[in-house]
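Participant: Dropping a prediction and its sequence here:
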Amino acid sequence: SNREVSRMSAVPIMIINPNTKRHQGKKVQYDNINAAKHVSDVIKTCLGPQAMLKMLMDPTGGIVMTNDGNAILREITVEHPAAKQMIEIARTQDEEVGDGTTSVVILAGHLLHESKACLDAQIHPTRIIAGLRAALEDALQFMREKCSHKLDTSNEEDVKQILKSCLGTKFANKWSDLCVGIAYDAVRKVSEIRLDRKVIDIKRYAKVEKIPGGSIEDSEVLNGVIFNKDVTHPTMKRRIENPRILLLDCDLEYKKGESTTALEIMQEHDMYKALKLEEEHVKKNCDEIIACKPDLIITEKGVSDIAQHHLSKAGITVLRRLRKTDNLRVARACGATIVNRTEDITEEDIGKGCGLFEVILIGDEYFTFIRDCKDAKACSIILRGASKDILKEIERNLQDAMNVARNVLLEELLVPGGGAVEMALSVYLSNKASTLPANLQMPYKVLADAVKIIPKTLAANSGKPVLEIITDLEAKHSVADNWSFGVDGEKGDIVDMKKFGVWDPFSVKAQILKTGVETAISLLRIDDIVSGTKKKNPGA
């Protein structure tokens, strides 16, 4: 019987369903590393002022032309789970600080690539991870204390210089001054102090309105709001100076019940009674509005014909069905409050901050302008340009520039651009590694080598011999106080960023390092991939 038991134990027991694929151990880590490296190689050429553009076609035949890391990765469909993770981090970077999406993917891919050497040397992944975490802490501290300088945000020129170095790597750098001016003005307009904290909400209050036609030079920041609407009734005025603006969030038509209601009408004149009630209800609403003498009414809901008639007779212009977000912007621009019931209108609710309301025909659509607002806390950016694709790309660039402006105004620390801060970190980490115990040395070296990829890529994209430049740059950085030397991405020469004037916000660089290292860590932790685990519908 003993022999029988031993014979049974020799039969392999299938715990996992044989249809599922399973990869284990080192192979998985190498697979993940290769996938991440592939993704980072795709957008390597999109870093720096000499960046190439990528043209992406989607299945419906639409085209995206861009060199914004996040926009490219968003369009690419990938199968490999590790590659999906890389695409996710570009999105995180975009949401968190709005710039540096290309760098973060390149850094994460390269970190993993460098970690291969550690795996080859039989160092356990958890050891590598612990080392990388320690190195990241050190790097951030070094960057904050040794490589950064404080910016005086009240000096407009200095802030614009930073926006220039952000836009310098983008498609819009031909119109750099224009875009920098636009981004700076827009961010200044929407920044406010709330409860002793500076709040800058670009997403809600700085709306970009793309209008094809005209030339890019015609783009501007409007001191007020613009939206794609026309007046509801042709007799209404299309231009009013210093209008009194009333914002509503209610119907100016007969209100139907929430549930379905059936009226049973017995006699003929009951029908007229019901209609009359409706008309009276609408008239009452209109009279309540007219009582506070507005010149312009903007509502998010519908306006019935009768209401239009009453209001236009009183010389009031009406715009209807405006988006909630647009209405909020109008409220902040002209100082009005949005009213939910016509009974509740008071004098305070009326916006008097607007200088001019006009409706203009641009191309073949009517646009409403509410401009010359006093102390507007919201604004619209009008972009003009030859084609939709160009406008989209410039909008993406502007978003990045506005995010940079926001970061700089919120946290006033700067670090040198052009790969200078990365090189300084690399030299610092390499030196520090030699003083550490053996198990930490290697991960420190990994991070030190990985951050070099930024200056390397800048040099490569500018078309200069990479090795030569990187060796020279390392030699420069080994001398104390040379932390601001980096690569001029246009020509590929080594320049002092203090004189050259390329600076990046500290928050963007810190986020690149944090996200890059975290991603590398999470991908190194994986040692098993099981795919095809369950059928979708078990009953089938």
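Facilitator: Okay, I see it.
Participant: Which element, helix or strand, includes residue 457?
Facilitator: Per DSSP states H and E: residue 457 is located in helix 453-461.
Participant: Could you pull out the buried residues of that helix?
Facilitator: 453, 454, 455, 456, 457, 458, 459, 460, 461 (16 or more other C-beta atoms under 10 Å). Heads up, the C-betas are built off the backbone N, CA and C, glycines and all.
Participant: My guess is the fourth one contacts residue 466. True?
Facilitator: Yes - A contact is recorded between residue 456 and residue 466 when judged using C-beta atoms under 8 Å, the distance being 5.5 Å.
Participant: I'd say residue 190 and residue 198 touch.
Facilitator: No - the pair residue 190 / residue 198 is not scored as a contact, 11.1 Å apart, by C-beta under 8 Å.
Participant: out of these two, which sits in the more crowded spot?
Facilitator: Legend: neighbour count by other C-beta atoms under 10 Å for residue 190 and residue 198, higher for residue 190 (23 against 13).
Participant: Just give the nearest non-adjacent residue to that one, would you?
Facilitator: Closest residue to residue 190 apart from its sequence neighbours, by C-beta to C-beta, 6 or more residues apart in numbering: residue 205 at 4.3 Å.
Participant: Can you give me the neighbour number for the one you found?
Facilitator: Residue 205: 23 neighbours (other C-beta under 10 Å).
Participant: With residue 177 instead?
Facilitator: 11.
Participant: do residue 35 as well
Facilitator: Neighbour tally, residue 35, other C-beta under 10 Å: 22.
Participant: still on that earlier bit, packing partners for the helix holding residue 457?
Facilitator: Using 3 or more C-beta pairs under 8 Å, 6 or more residues apart in numbering; DSSP states H and E, the elements in contact with helix 453-461 are helix 101-120, helix 420-433, helix 466-477, strand 485-487.
Participant: now stretch 367-381: how far from the chain's centre is it?
Facilitator: 23 Å (C-alpha atoms, centre = their mean, to the nearest Å).
Participant: Ignore what I typed, I meant stretch 376-387.
Facilitator: 17 Å.
Participant: Please point out which parts of it sit buried.
Facilitator: For stretch 376-387, using 16+ other C-beta under 10 Å, the buried residues are 376, 377, 378, 379, 380, 381, 382, 383, 384, 385.
Participant: for the host helix or strand of the fifth one, what is the average pLDDT?
Facilitator: Spelled out, it's residue 380. Using DSSP H and E, residue 380 sits within strand 379-385. Average pLDDT, strand 379-385: 87.
Participant: Pick the most buried one from the helices and strands packed on helix 453-461.
Facilitator: strand 485-487 (a mean of 28; mean count of other C-beta atoms under 10 Å).
Participant: Report the rounded mean pLDDT for that one.
Facilitator: For strand 485-487, the per-residue pLDDT averages 86.
Participant: partners of it in the sheet?
Facilitator: strand 494-496 (antiparallel) (DSSP bridges).
Participant: distance of residue 361 from residue 230?
Facilitator: 9 Å (C-beta to C-beta, to the nearest Å).
Participant: And those two? Which one has more around it.
Facilitator: Shown here are residue 361 and residue 230; by other C-beta under 10 Å, residue 230 has more neighbours (15 against 10).
Participant: Hmm, residue 362 and that one touching each other?
Facilitator: No - under the contact definition of C-beta under 8 Å, residue 230 does not touch residue 362, with a separation of 11.6 Å.
Participant: which residue sits closest to residue 395 in space, ignoring its chain neighbours?
Facilitator: residue 208 (5.1 Å).
Participant: brain fart, residue 160
Facilitator: Closest to residue 160 by C-beta to C-beta, 6+ apart is residue 180, at 5.0 Å.
Participant: close enough to count as contact, the one you found and residue 170?
Facilitator: No - Residue 180 lies out of contact with residue 170 (C-beta under 8 Å); the separation is 11.2 Å.
Participant: any common contacting residues for those two?
Facilitator: Common neighbours of residue 180 and residue 170 (criterion: C-beta atoms under 8 Å, 6 or more residues apart in numbering): none identified.
Participant: Where do the helices of the stretch 301-450 of the chain begin and end?
Facilitator: 305-313, 324-334, 388-410, 420-433, 438-451 (DSSP state H, counting those that start in this stretch).
Participant: Could you single out the most deeply buried of those helices?
Facilitator: Of the helices of the stretch 301-450 of the chain, helix 420-433 is the most buried (mean count of other C-beta under 10 Å), at a mean of 24.
Participant: which other residues reach that helix?
Facilitator: 135, 138-139, 142-143, 146-147, 415-416, 440-441, 444-445, 447-449, 451-455, 473-474, 477-478, 483-487, 497, 504, 509.
Participant: what's the closest residue to residue 210 other than its chain neighbours in contact with, if anything?
Facilitator: Nearest-residue entry for residue 210: residue 391, 4.3 Å, with adjacent residues in sequence omitted and distances by C-beta to C-beta, 6+ apart. When contacts are counted by C-beta under 8 Å, 6+ apart, residue 391 touches 210, 212, 383, 384, 385.
Participant: let's see 7 Å
Facilitator: 210, 212, 383, 385 (C-beta atoms under 7 Å, 6 or more residues apart in numbering).
Participant: Can you name the two of these that sit furthest apart?
Facilitator: 212 and 383 (9.3 Å; C-beta to C-beta).
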